[in-house]
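Enquirer: coords below, sequence missing:
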């Protein structure tokens, strides 16, 4: 067994070891402080005798280092080598992994029926998958970020130990997932347990609240990753986004380090720009946005009313057919603005007015010609309560699309069709000749 010593000694960055075996570009050392990819934390980077380490993974209880070099230039079995772990990447992963525990601890204080479904560290962000009774909303994200950063500020101690599995499972509130935290299992009946805060301490949401003494128990989890010794080493935590990759699962993405700092700066800059545009302070932005939304709603309602009146005026100007005494009178012509749905209310308004025609057929002249037919209910021939000779609107649109292509539909009093393959004036002429 050559299990990595990295989880228990996360500060080691340089060490000497003896090569136990070599297989092509893969070597096994008698001991190693390189972290082998596991449970969502990527493998360490670095060098062995100056050759880049391409990947580190664990196979059958042995840590295998894959080197980025020719097999002929690699060390031989029995040689002593000097290994250097990339400090920047190890530091980032150690802080990011501990931050995931801090965030889960924050979720313990905000979510009901909380469960752990895994996590992953990338170079720019970290994701934590949570199972919760209800999906998280924006307010939940804000509270998670606030509580997590409070835990960082409170400088909570982080500790780890190996316990018998039955003893570990019996710990109050332990997050235990053997599938996503396989690195926590030592291969025997022992489990590596990571604790943030003092085990058995107060479980209040923030340090010092509730009359507790010492650091609260923020989080306890079975975990095989590398961690900082104190939450203050993590630095700022910035929640980026959330999604729902599966039923009952909320994925929270967050950043630590430079990415978190840059994200917070971008958010602050955006808030300042919005405040300047609205002539308000950042803290007053919600009220300013509410006022702006109310004004926009009023303007939109006014615009809809004005558009309806304008289109009604244009429909009133359409030429009407010369009708026999017993025939329905149609207003037929083109309209330049609007879309089919915009014309429903104006057409109904025109048909309801005294002295109006019995029906309207309007053809749109835009890039996508359309036809709209509206018929007064009392003018529909054969319709219930109707005594006129006008066909229902749906029949008119069907006839137009049969003649000029496209499709559409509707009811007896209003119908529309689109995709006409004809000049609008030709459609109007055809309608007037019917």
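Expert: Happy to help now that I have it. What you see is a predicted model; the values in this text were computed from it and never measured.
Enquirer: center of the chain, which residue is that?
Expert: Here the mean C-alpha position of the chain is nearest to the C-alpha of residue 243 (Cα atoms, centre = their mean), at a distance of 4.0 Å.
Enquirer: Would you check that that residue makes contact with residue 141?
Expert: No: the criterion here is Cβ atoms under 8 Å, and residue 243 misses it with residue 141 at 11.5 Å. Just so you know, the C-beta spots here come from the backbone N, C-alpha and C atoms, and that holds for glycine as well.
Enquirer: ok, for residue 15, nearest residue in space, not its chain neighbours?
Expert: Counting by Cβ to Cβ, 6 or more residues apart in numbering, residue 15 lies nearest to residue 33, which is 5.1 Å off, once chain neighbours are set aside.
Enquirer: How much space separates that neighbour from residue 66?
Expert: Residue 33 is 17 Å from residue 66, where distance means Cβ to Cβ, to the nearest Å.
Enquirer: ok, back up a step: could you look up the SS state of the residue nearest to residue 15?
Expert: Following DSSP: H, G, I helix; E, B strand; the rest coil, residue 33 is assigned to coil.
Enquirer: Repeat that for residue 83.
Expert: When classified by three-state DSSP, residue 83 comes out as strand.
Enquirer: Show me what the residue nearest to it when sequence neighbours are not counted bridges to in the sheet.
Expert: Residue nearest to residue 83 in three dimensions, not counting chain neighbours: residue 48, with 4.8 Å by Cβ to Cβ, 6+ apart. For residue 48, the beta-bridge partners under DSSP bridges are residue 51, residue 83.
Enquirer: Quick check, residue 48 in contact with residue 68.
Expert: No: Residue 48 is beyond contact range of residue 68, at 10.3 Å (criterion: Cβ under 8 Å).
Enquirer: Which one of those two is surrounded by more residues?
Expert: Using other Cβ atoms under 10 Å, the more surrounded residue of residue 48 and residue 68 is residue 48, with 22 against 11.
Enquirer: re earlier: helix or strand for the residue nearest to the centre of the chain, which one?
Expert: Using DSSP states H and E, residue 243 sits within strand 237-246.
Enquirer: Now tell me what touches stretch 233-249 from outside.
Expert: Contacts of stretch 233-249 from elsewhere in the structure, counted by Cβ atoms under 8 Å, 6 or more residues apart in numbering, are 95, 98-99, 102-103, 117, 125, 129-132, 135-136, 141-142, 144-145, 148-149, 152, 228, 250-257, 259-261, 263-264.
Enquirer: can you give me the end-to-end distance of it?
Expert: Start and end residues of stretch 233-249 are separated by 29 Å (Cα to Cα, to the nearest Å).
Enquirer: and it, which residues are buried?
Expert: 234, 235, 236, 237, 238, 239, 240, 242, 249 (16 or more other Cβ atoms under 10 Å).
Enquirer: so can I have TSV of these showing distance to residue 280 and pLDDT?
Expert: What follows is these, written out as TSV (distance: Cβ to Cβ, whole Å; pLDDT from 0 to 100):
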residue	distance to residue 280	pLDDT
234	34	96
235	31	95
236	26	96
237	28	96
238	24	96
239	24	95
240	26	94
242	27	92
249	38	91
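Enquirer: tell me the two of these that are most distant?
Expert: The largest separation in these, counting by Cβ to Cβ, is between 235 and 249 at 27.5 Å.
Enquirer: Name the strands paired with whichever strand or helix holds residue 251 and say parallel or antiparallel.
Expert: For residue 251, the host element (DSSP H and E) is strand 249-256. Using DSSP bridges, the strands paired with strand 249-256 in its sheet are strand 126-131 (antiparallel), strand 237-246 (antiparallel).
Enquirer: Select, out of those, the one closest to residue 19.
Expert: Nearest to residue 19 among the strands paired with strand 249-256 is strand 126-131 (33.9 Å), distances taken as Cβ to Cβ.
Enquirer: Perfect, that will be all.
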